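> how does the following fold in three dimensions:
(2 chains)
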Amino acid sequence: MVKWIMAKEFKDTAVIIRQEEIADGVYSMWLKSSEIARSAVPGQFIAIYSRDGSRLLPRPISICEIDREDGALHVVYQVVGRGTEEFSGYHTGASLEILGPLGNGFPLKGKKAFLIGGGVGIPPLLELAKQLQCEKQIILGFRDVTFLTEEFKKYGKVYISTEDGSAGIKGNVIDCIRENGLHADIIYACGPAPMLRALKEYAAGKDIECWISMEEKMACGIGACLACVCKSKEKDAHTNVNNKRVCKEGPVFLAQEVEF
Amino acid sequence: MNMKVNIAGVEFQNPVMTASGTFGSGAEYSEFVNLNKLGAVVTKGVSSEPWEGNPTPRVAETYGGMLNAIGLQNPGVNVFIERDIPFLKKYDTKIIVNVCGKTIGQYCEVAERLADQPVDLLEINISCPNVKEGGIAFGQDPKMVEEITKEIKRHAKQPVIMKLSPNVGNIVTTAKAAEEGGADALSLINTLTGMKIDVHNRRFALANKTGGLSGPAIMPVAVNMVYQAASAVKIPIIGMGGIMNAEDAIEFLLAGATAVAIGTANFTNPHVTEEIVEGIAEYMAEQQIKDISELVGAVRG
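Modelled structure (predicted):
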């Protein structure tokens, strides 16, 4: 069992360093937040609060890159509703209330790895790719338009799949693994539930370690409200039932430990 | 300046409490809030056995509010006694344990298990809209409210607060029924039953279809119900429902609440409870109010 040292969580007023749209509806934003950048690890997330009083809940967004030296965080997110639409409208110098670093993060192991991302599940793998010291095969699955692919190329061999075949292999990430004849001893993945389900099955079939980052509707972000649970195979030590808190025990879980 | 309030013989250093279900047992929020500064921590509902709660999604945001259908997931009273009470005892704040059950017997079982524990009051949840048995089913029938209150009073060692549902025809009737049954205080309001439909995929936003609406959207309803109940019963009232700041909290006091509980606002600002304590103190200083009791029910007619 991997033990994580739980970093302290902060609420901070972060200032936007820069923001740009990098694909249709996908935004890249750098935030100045020294406290959070100092202790954040790959796979953790922040929660960004709306400035509009009609939107009460912070939006959980994964950390894409951590710049400890400059005390900055990079997030890449898709506009999916009014909250993210609001964030996308802010420019350099604007401040946002954020909470973080939240969740556990990916365990860093030295095995030959697959880093597999689907759509907006791709961003948290970038900091992981940076920090992992091993042979990395990075598999990125998109619907059509690709993003962040150049950034990933600095840290490993990148394989791309698109649903419409406009870039890389036509198909999904599993097709991409098969068509390229790839093998690994460990999987790190983040993406939509059907992709994670397929990877869980793939990893079980090959008997390889598989770490997945889960997503669920959240409220508090710190483990108090029990909104964002996922079913666990074993009884969880904290909840005393077969539920784990995605925001606290997760978002990263061993695939075989969770049921979804 | 005196901010102390008294409910059923228990003295609270100020009237600001946490609303059950939004604050766990305080451990997570203790990173953001000095629990020593709060009047009380009201815990998440505790049942005799562990409860798994509802399927996800369990929450959905609405305009100025949110829906939740957690389904009272909790680790059960044994884990609560071993882990959560010792944690809360480290702080100089009162402990109010929210109790839930599927049958009257289960509520009484929890009350009995807590009898010899260092718990200050029990808050009985007969108003959760998100569980099939117990919860709101008990809270909508005044006869049942009176009966369950009487029965719990027989088993409980600590003073009993009945937490009432706003999903009733007349809040005064249920408030009086609880008083008649021997309740030492009332908490109101719990959440209002609501629904949200995602038009893009034509699905219910919550797996449970319905959930409890909370947040500032419901505050005027809550203030009115607190005012109605306070005018009709002699026992003290803990007012809640959409409080976001000190001004909101003071509205509840003026409407007749002796204390207030902060729920959904914790999600919007994890420091909010402590800020509300400070904000009430500032208001009292500005208005030259020496004792907080001067505010309770002080709305001018």
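
> can you pull the contacts of the residue of the stretch 101-250 of chain B found nearest chain A?
The minimum distance from the stretch 101-250 of chain B to chain A, using C-beta to the nearest C-beta, falls at B:G215 (5.3 Å). For every residue, glycine as well, the C-beta is placed using N, CA and C. Contact partners of B:G215, counting by C-beta atoms under 8 Å, 6 or more residues apart in numbering or on different chains, are A:L56, B:T62, B:G64, B:G65, B:M66, B:G242, B:T264, B:A265.

> restricted to strands, list these.
Among those, the members found in strands (DSSP state E) are B:T62, B:G65, B:M66.

> ok, those vs chain A, which is closest?
For the ones in strands among the contacts of B:G215, the nearest to chain A is B:M66 (5.7 Å; C-beta to the nearest C-beta).

> which one among the contacts of B:G215 gets closest to B:M3?
B:A265 (19.2 Å; C-beta to C-beta).

> that closest one: what's it in contact with?
B:A265 touches A:L56, B:G215, B:I243, B:M244, B:N245, B:V272, counting by C-beta under 8 Å, 6+ apart.

> roughly how far is stretch A:193-206 from the heart of the chain?
17 Å (C-alpha atoms, centre = their mean, to the nearest Å).

> picking up where we left off before, show me the subset of the ones in strands among the contacts of B:G215 that also lies near chain A.
Restricting these to those touching chain A (C-beta under 8 Å from any C-beta of the partner chain) yields B:G65, B:M66.

> I'd like the ones in strands among the contacts of B:G215 as CSV, with neighbour count and pLDDT appended.
CSV is the format used below for the ones in strands among the contacts of B:G215 (neighbours: other C-beta atoms under 10 Å in any protein chain shown; pLDDT from 0 to 100):
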residue, neighbour count, pLDDT
B:T62, 19, 98
B:G65, 23, 98
B:M66, 26, 98
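
> element containing B:P220?
helix B:219-232 (DSSP states H and E).

> ugh, wrong one, I meant A:W30
strand A:26-32.

> show me the contacts for the single nearest residue of the stretch 1-150 of chain B relative to chain A.
Of all residues in the stretch 1-150 of chain B, B:P75 sits closest to chain A, at 3.3 Å by C-beta to the nearest C-beta. The contact partners of B:P75, by C-beta under 8 Å, 6+ apart, come to A:H238, A:T239, A:N240, A:V241, B:P50, B:R83.

> can you report how many residues lie near the residue nearest to the fifth one when sequence neighbours are not counted?
For B:P50, the nearest residue in space outside its immediate sequence neighbours is B:G76; the separation is 3.9 Å by C-beta to C-beta, 6 or more residues apart in numbering or on different chains. B:G76 sits with 17 neighbouring residues when counted by other C-beta atoms under 10 Å in any protein chain shown.

> tell me the pLDDT at B:G76?
On the pLDDT scale, B:G76 is placed at 98.

> what sits against it?
With C-beta under 8 Å, 6+ apart, B:G76 has these contacts: A:N240, B:V46, B:S47, B:S48, B:E49, B:P50, B:W51.

> pipe those residues into JSON lines and attach distance to B:P220, secondary structure and pLDDT per row.
Formatted as JSON lines, these follow (distance: C-beta to C-beta, whole Å; DSSP: H, G, I helix; E, B strand; the rest coil; pLDDT from 0 to 100):
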{"residue": "A:N240", "distance to B:P220": "38", "secondary structure": "coil", "pLDDT": "96"}
{"residue": "B:V46", "distance to B:P220": "31", "secondary structure": "strand", "pLDDT": "98"}
{"residue": "B:S47", "distance to B:P220": "32", "secondary structure": "coil", "pLDDT": "97"}
{"residue": "B:S48", "distance to B:P220": "37", "secondary structure": "coil", "pLDDT": "97"}
{"residue": "B:E49", "distance to B:P220": "38", "secondary structure": "coil", "pLDDT": "97"}
{"residue": "B:P50", "distance to B:P220": "37", "secondary structure": "coil", "pLDDT": "98"}
{"residue": "B:W51", "distance to B:P220": "32", "secondary structure": "strand", "pLDDT": "97"}
